[in-house]
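Participant: Any chance you could fold what I've pasted below:
(one chain, ligands or ions: 1)
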Amino acid sequence: MIQAEMLQYQSIDRELNRIEKELKKNEFFVKSKQYKALHQGCEDNIAKSESKAAELRNQLAAARQNMAEINGVLDEYYKEIEEVEGEDELNYMSKKLNEQLDMLASLEREIKRISHEGEEIVKTLDDINSKLPKIISLYAKCKEEFNKVAESAKPRINELRQKQAALKAKIDPKLLEEYQKVAAVDSKPVFVPLRDGVRCGGCQMEMPKAVVDTQFANKDFIRCEHCGHLIYKEQ
Ligand SMILES: [Zn+2]
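Facilitator: Coordinates of the predicted model:
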């Protein structure tokens, strides 16, 4: 037999768990979590877009710098070409010129790509910014509604906690410690009654009667080897 206070404590724990579960199922709680996640998603996207935009600005600056350098080289080449004599030299210069012109064309493509990606970022940000205020206001509304529900559950929760505190003072600390160890990892009742003198009241596993009797000889409760719950004998 274990202390009646321990079992009362457990049943209050069960009720507190039920209240908490109900609160978590509340539609405003569920929605506020969804809006919060959406908001976070938007913020993440904004941050990602901004870092991408910074990267594009750097790429654009580098491309412009390269372009200026190529234009400088081209100016030189044009001047040199005017002074070229002979076909071989002209061919050579024309090859070098074409190389620079190819590089210029590829830079132009690069700048086009950067500008296209930049436009995409602007679109993304516009899209986020148009949705964000609504998400934020819906989140606030759901949170406010949920707070009202949570507030209305508070008196009952406080009452139960006070009862638990009073019971706790009467429960053997070692017993409570055993209870809390199991309760921390399992939401089902920790203490379960022995059924028919041989079965665990938690998982219904049957144990040899001799084993049960031996184990209970000097203990108030035994641990079910199958489900880990603490089995006690009902009076
Ligand atoms: Zn069991």
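Participant: Break this structure into its domains for me.
Facilitator: If you go by automatic domain parsing, the domain ranges for the chain are 8-170, 175-232.
Participant: Out of those domains, which is the most enclosed?
Facilitator: Burial among the domains of the chain, expressed as mean neighbours by mean count of other C-beta atoms under 10 Å, is greatest for domain 175-232, which shows a mean of 16. C-betas here are computed from N, CA, C, even on glycine.
Participant: Endpoints of that one, how far apart?
Facilitator: End-to-end distance of domain 175-232 (C-alpha to C-alpha, to the nearest Å): 12 Å.
Participant: distance between that domain and the chain's centre?
Facilitator: Between the centre of domain 175-232 and the centre of its chain there are 36 Å (C-alpha atoms, centre = their mean, to the nearest Å).
Participant: of all the domains of the chain, which lies closest to the ion?
Facilitator: Nearest to the ion, of all those, is domain 175-232, at 3.1 Å by C-beta to the ion.
Participant: Spell out whether that closest one and the ion are in contact.
Facilitator: Yes - taking C-beta under 5 Å from the ion as the criterion, domain 175-232 and the ion are in contact, through 200, 202-203, 205, 224, 226-227.
Participant: Columns secondary structure and pLDDT on top of those, output as CSV?
Facilitator: Formatted as CSV, the entries for the residues of domain 175-232 next to the ion read as follows, by DSSP: H, G, I helix; E, B strand; the rest coil; pLDDT from 0 to 100:
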residue, secondary structure, pLDDT
Cys200, strand, 96
Gly202, coil, 93
Cys203, coil, 94
Met205, coil, 95
Cys224, coil, 93
His226, coil, 93
Cys227, coil, 91
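Participant: Appreciated, that's everything.
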